[in-house]
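# coords please:
(one chain, ligands or ions: 1)
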Amino acid sequence: MAVSDWKKSVVYQIYPKSFNDTTGNGQGDINGIIEKLDYLKTLGVDYLWLTPVYRSPMNDNGYDISDYYEINPDFGTKEDFKRLLDEAHARGIKIMSDIVINHTSTEHQWFIESRQSTDSKYRDYYIWKDGDGDQPPTNWESKFGGSAWQKDEITGQYYLRLFDVTQADLNWENDSVRQDIFDMINYWIDFGMDGFRFDVINLISKGDYKNSDDIGKEFYTDGPRVHEFLHEMNRSTFGDKEGFMTVGEMSSTTLEHCIKYTKPERQELNSVFNFHHLKVDYKDGEKWSEQPYDFLELKKILFRWQVGIEAGGGWNAIFWCNHDQPRVVSRFGDDTTEEARVRSGKMLAIALHFLQGTPYIYQGEEIGMTNLYFNSIDRYRDVESLNAYSIMKERGISDSQAIRILSDKSRDNARSPVQWDGSAHAGFTTGTPWIDLADNYQHINVEQALADKHSIFYTYQRLIELRHELDVMTYGKVVPLLEEHPQLFAYERQLDEELVIVIANFSGQMVEAPADVNIDGEVLINNYDSYSGKFEPYQAIAVKK
Ligand code: GLC
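So this is what the prediction gives:
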């Protein structure tokens, strides 16, 4: 059943490069997505979010756009995209595309002209500053490592690049930049898109360009004019389109800002991603570190956002995985045995999908795909991971430790091809895949998952059905339970007379039922056949009172 209320819908994220290849060039394509629409229909999702498929040199796999109006030929053509929209719509599935407007590729025509001279019409489309003597203008660091400023020989000035050197930040203070961006967004609305995901959208308003005590974040995160810019974008583009879905990716944001971004009367966005709950395995805030995840902190953060966003009248996007995160079953679950993988994969799905907000499923999550455990640097492709590796080596970290850290944290963990079946390259391509697959594809794949009624896939399918059926899953108030419990993640959802209780055992041990929680009632979902009065390893149950 597809739903018309965007709040009740579930989104499936596709990373096209790794989804399904129909040409044999080793990279996925738009026709490959069309080929799998029936599978996605079986899963039951309402929207597909495609990461960028526009023209791009692909230094950051499409997040470096060189032409917003063209499709990258590696992925197909505009006609293919049109057909994808039509075929998806015929199945009741909607399409969201990714909009990357904090920066463009340095191969974008605007940047090519901008860099030519200080008099260029496009000079002010980007952020150019003089150096401080022979140093960059400020001490800000790129999120991918190194200085955030790149000196350009033609004029001797520096441009700002918060990500890769080939991703130059746009100057949103310039009215023509905003107008050109809004025109582009309207073009894709007219093309037939049903929604957008906005990349790092809370970084578009830069404040003062001053030295920082940290890496510079405080000057450009949730910056001074960000709400004004988003409101203007809403009014100039999608704002009056009934049911149009928008989600903003918010980097290092705050709860207060996220309420503002999503409160309907402010007319900015529908919903937001934040990442605080996915930093619980960073040591002192450092991603490239070895640190077991902190379960109590994970609960604390998720609940703070659940309760806070609801109280403030905003709306969350909820997720464990995306193309920038390791696989959740390897991260907060257990992939050391097949039984633990399946149990914990289902448990994580149940724990998340009863929360408030729009749930996102990342390709392969629904079959419990794992991290890759690559054992050498030449198997990695991601620009962030390669930079991190060099920096770790410069800091004296041994090769084996750097490889261990990458194998836990690298974005490539999410970017290996979807495992469709047990044949060569998991049925992803007839050519050579652009990145290696996990060794386990012969037993972890879609074909197996569909054939086994007890697979993780059917847990996801059931959770999507439940979200469509039960209003309490969308609109119910969230009440955290057992907040200090070291193994159980538990909460209630309440809507009028309806009450749902969810309890998930995040540990591989048997756990006694706490005296103050009563789970009698109609079982909505349980990843074991029964409940013995104790919670089995990775058991998760939701009951309706
Ligand atoms: C977002 C994307 C990520 C990309 C970055 C720069 O965080 O999700 O993949 O590298 O923005 O565009």
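
# Spatially nearest residue to residue 541 (excluding sequence neighbours)?
residue 526 (4.6 Å; Cβ to Cβ, 6 or more residues apart in numbering). C-beta: built from backbone N, CA, C; applies to glycine.

# contacting residues for residue 74?
17, 25, 27, 29, 58 (Cβ atoms under 8 Å, 6 or more residues apart in numbering).

# again with residue 380
374, 386, 389, 406, 410, 412.

# hmm, try it at 7 Å
374, 386, 406, 410, 412 (Cβ atoms under 7 Å, 6 or more residues apart in numbering).

# Give me the neighbour count for the fourth one.
Right, the one you point to is residue 410. 26 (other Cβ atoms under 10 Å).

# Touching, it and residue 382? I think so.
Yes: assessed by Cβ atoms under 7 Å, residue 410 is found in contact with residue 382 at 6.1 Å.

# Show the contacting residues for residue 512.
Contacts of residue 512 by Cβ under 7 Å, 6+ apart are residue 534.

# On the pLDDT front, check residue 128 for me.
At residue 128, the pLDDT value in this model is 98.

# gap between the closest residue to it other than its chain neighbours and the ligand?
Here the nearest residue to residue 128 in space, its sequence neighbours aside, is residue 157; by Cβ to Cβ, 6+ apart that works out to 4.6 Å. To the ligand, residue 157 is 23 Å away according to Cβ to the nearest ligand atom, to the nearest Å.

# Model confidence score at residue 157, please.
98.

# Number the residues from 48 up from this point.
With the count now opening at 48, the last piece we talked about shows up as residue 204.

# count of residues packed around it?
So residue 204, with other Cβ under 10 Å, has 19 neighbours.

# List the contacts of it.
Taking Cβ under 7 Å, 6+ apart, one finds 175-177 in contact with residue 204.

# what about 10 Å?
Going by Cβ atoms under 10 Å, 6 or more residues apart in numbering, residue 204 touches 162, 165, 170, 174-178, 184, 196-198.

# Now a ChimeraX select for only the buried ones of those.
Entered in ChimeraX, the line below selects the buried ones among those, by 16 or more other Cβ atoms under 10 Å:
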select :162,170,174,175,184,196,197
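
# related to what we said a few turns ago, need the residues touching each of residue 457 and residue 429.
With Cβ under 10 Å, 6+ apart, residue 457 and residue 429 have common neighbours 371, 435-436.

# Nearest to the ligand among the residues you listed?
The ligand lies nearest to residue 371 out of the shared contacts of residue 457 and residue 429, by Cβ to the nearest ligand atom, at 4.8 Å.

# my guess is residue 430 meets residue 193, correct?
No: using Cβ atoms under 10 Å, residue 430 is not in contact with residue 193, being 11.5 Å away.

# Quick one: neighbours of residue 541, just the number.
As a measure of burial, residue 541 has 16 neighbours, counting by other Cβ under 10 Å.

# Tell me which helix or strand it sits in.
strand 535-542 (DSSP states H and E).

# State the mean pLDDT of that strand.
98.

# can you pull the buried residues of the very next helix or strand once past it?
Going down the chain from strand 535-542, the next helix or strand is strand 545-552, by DSSP H and E. Counting neighbours by 16+ other Cβ under 10 Å, one finds that the buried residues in strand 545-552 are 546-552.
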